[in-house]
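Chemist: Sequence plus the predicted model coming up.
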Amino acid sequence: MTKFTLQNGKTIVKPFNKIWLILGIVTALVVIFSFFIKFEPRLINLSELGVIIKKMFTPKAGRTWGDYFGFINNLWEPLISTIEMSLAGTVIGSLMAVPVAILAAKNIFKSQWVYVPVRFFMNLIRTIPAMLLAVLAVYFVGIGVLSGVIAITLFTFGIMSKMLYEVIETVDMSPYEALESTGASKVQAFRYAVFPQVFPVFLSYLIYIFEINVRASAILGYVGAGGIGMIIKDNILYNYDRVGATLILMLVVILAVQFFSNYVRGKLQ
Amino acid sequence: MIKFVDVVKTYPNGTQALRGINLSIRDGEFVAIIGLSGAGKSTLLRSINKMHSITSGQLFIDDVEISSIKGKDLRMLRRSIGMIFQSFNLVKRMSVFNNVMTGRVAYHPTLKTLFGLFPREDKLLALESLDTMGILDKAFQRADQLSGGQQQRVALARALTQKPKVILADEPVASLDPITTVQVMDDFARINREYGITIVANMHHVDLAVKYATRIIGIKNGEVVYDGPSSQVKDDVLVQIYGRSLKHDELLGE
């Protein structure tokens, strides 16, 4: 607390800002817990890292550079299924998020009996890591692309519902009032006053989440969710060169998706 | 005709915004409501289209008592009353044309309007309204690219597209500069004269209210303290409404 005294003798007290207390506690906790972390320097083996990188980006003994890049020919099918499952999961998950985000937005459903349980459900889904979702999906529907789609759908739903309801809450509600004054029903007022403000942002998020999902789904194959991750898993110990070729292809694809995503989202502003 | 009979409005926090209002406004009048901030001007205006509902008393629009209507009847009532706001209340990132089209939404069933398709007559009506307001050439620009005065004209075009009998205006020029203010007030006067639409406007600027409206209603603490022709608004009337006479520099100009 700071007290100011003006020249004419008037005084005013600036209240204590709680943020400093919170930051102090967080810093203290970080310092305390850092004492319990045991670093094991013997795990860091830089020379071994160099060996693996060399193995990844040169052909294996007995293979040529032709074989190295020729392996990419085996990757088109898993690559396409990776992109397909990201796309399907992104679209389905995003659409599922729309009604839930509307229910979670305080400015649309003012009753806390609506938005509190809906938000709890949303948070619950979001706490489950994508990898665990994939493991569960594989458990229920078996190894393959379908389990990848399910995992990505749920993962997308978690992010999209949260981001979307926050967008809906920051929307300018004054046109909604104007629409109601013209005699429009609540649904109509939402369609013509809120939707036009939210839709471009929704599309922009959808493309951004797709970009995240292409990256994530490459990993999901690792637990059996189909796609290119399975190739990496199958080769990682014995065929580092194939892993390297796969990584190069993924890099190119992800850069392309990122470029597309930035371009389209720039247009949507 | 709009008729208030002993209208009382008490907000849930206990504030008495209207304390027994009796008024009647004939078709085609241009009425300005003046008074201090918090006197109840906005509540009075918004009770007419039931954006605020009244606590007791009766409110008639064309002999229909509206304090108990709801649902479809309420929406039909609102459809026949245009409303203009201080901050225009347009969807900023939507085109001027699409903003004006929203004046037709209430004429169609909800399901039909979800897809954003309107009959050609509606589109022509919207364009005619824009032409009336002199901004037809702005139709396909984004609303936020227009100046404040132009945006208020878009809002007026939206109201006209409703084909209203009454236009309510809640501080329509409070966020405009003096020159644009005069232009927008001229628009209100023209709409009133040419289409015979009743105008009820809340105003802060007494001199503008007197210049444009034919009738002034002065509100103080939720009660009508003056109701008469604008030509008779003299210093003693302003003392009644504002508690003291206005100084020269508190007027807008003239």
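Modeler: Received it, and whenever you're ready, just let me know what you need.
Chemist: State the next helix or strand along the chain beyond the helix or strand hosting residue B:152.
Modeler: Element membership for residue B:152, per DSSP states H and E: helix B:148-161. Following helix B:148-161 in sequence order, the next helix or strand is strand B:166-170 (DSSP H and E).
Chemist: Neighbouring strands of that next one in the sheet, and parallel or not?
Modeler: Using DSSP bridges, the strands paired with strand B:166-170 are strand B:81-84 (parallel), strand B:198-202 (parallel).
Chemist: Residue B:31 belongs to a strand, doesn't it?
Modeler: Yes. Secondary structure of residue B:31 (DSSP: H, G, I helix; E, B strand; the rest coil): part of a strand.
Chemist: Please give the number of neighbouring residues around it.
Modeler: 21 (other CB atoms under 10 Å in any protein chain shown). C-betas here are computed from N, CA, C, even on glycine.
Chemist: wait, it sits on residue B:199?
Modeler: Yes. At 6.9 Å, residue B:31 and residue B:199 qualify as touching, with contact defined as CB atoms under 8 Å.
Chemist: Pull up the overlap in contacts between those two.
Modeler: The contact sets of residue B:31 and residue B:199 overlap at residue B:213 (CB atoms under 8 Å, 6 or more residues apart in numbering or on different chains).
Chemist: give me every residue that touches residue B:214.
Modeler: So residue B:214 contacts B:29-31, B:229-230 (CB under 8 Å, 6+ apart).
Chemist: The stretch 151-254 of chain B: helices as residue ranges?
Modeler: Counting by DSSP state H, counting those that start in this stretch, the stretch 151-254 of chain B has helices at residues B:178-195, B:206-212, B:235-242.
Chemist: Save the ones you listed as TSV, and put in distance to residue B:149 and mean pLDDT too.
Modeler: Formatted as TSV, the helices of the stretch 151-254 of chain B follow (distance: least, CB to CB, whole Å; pLDDT from 0 to 100):
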stretch	distance to residue B:149	mean pLDDT
helix B:178-195	3	93
helix B:206-212	14	90
helix B:235-242	27	81
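Chemist: Among the ones you listed, single out whichever gets nearest to residue A:206.
Modeler: Across the helices of the stretch 151-254 of chain B, residue A:206 has its closest neighbour in helix B:178-195 (40.2 Å, CB to CB).
Chemist: what angle do that closest one and helix B:148-161 make?
Modeler: Counting by axes from the mean of the first three to the mean of the last three CA atoms, to 10 degrees, helix B:178-195 lies at 20 degrees to helix B:148-161.
Chemist: Would you mark the buried spots in helix B:178-195?
Modeler: Neighbour counts over helix B:178-195 (16 or more other CB atoms under 10 Å in any protein chain shown) mark B:180-185, B:187-189, B:191-192 as buried.
Chemist: Which strands or helices does that helix pack on?
Modeler: If contacts are counted by 3 or more CB pairs under 8 Å, 6 or more residues apart in numbering or on different chains; DSSP states H and E, helix B:178-195 sits against strand B:30-34, helix B:148-161, strand B:166-170, strand B:198-202, helix B:206-212.
Chemist: gap between the second one and the chain center?
Modeler: The offset between the C-alpha centroid of helix B:148-161 and the centroid of the whole chain comes to 12 Å, using CA atoms, centre = their mean, to the nearest Å.
Chemist: Could you do the fourth one as well?
Modeler: Per CA atoms, centre = their mean, the displacement of strand B:198-202 from the mean C-alpha position of its chain is 5 Å.
Chemist: Same question for stretch B:236-244.
Modeler: Using CA atoms, centre = their mean, the offset of stretch B:236-244 from its chain centre is 24 Å.
Chemist: Give me the residues contacting that stretch.
Modeler: With CB under 8 Å, 6+ apart, stretch B:236-244 has contacts from B:34-36, B:206, B:216, B:218-220, B:225-226, B:228, B:245-246.
Chemist: With stretch A:97-110 instead?
Modeler: A:114-115, A:118-119, A:121-122, A:156-157, A:160-162, A:164-165, A:168-169, A:171, A:173, A:190, A:194, A:202.
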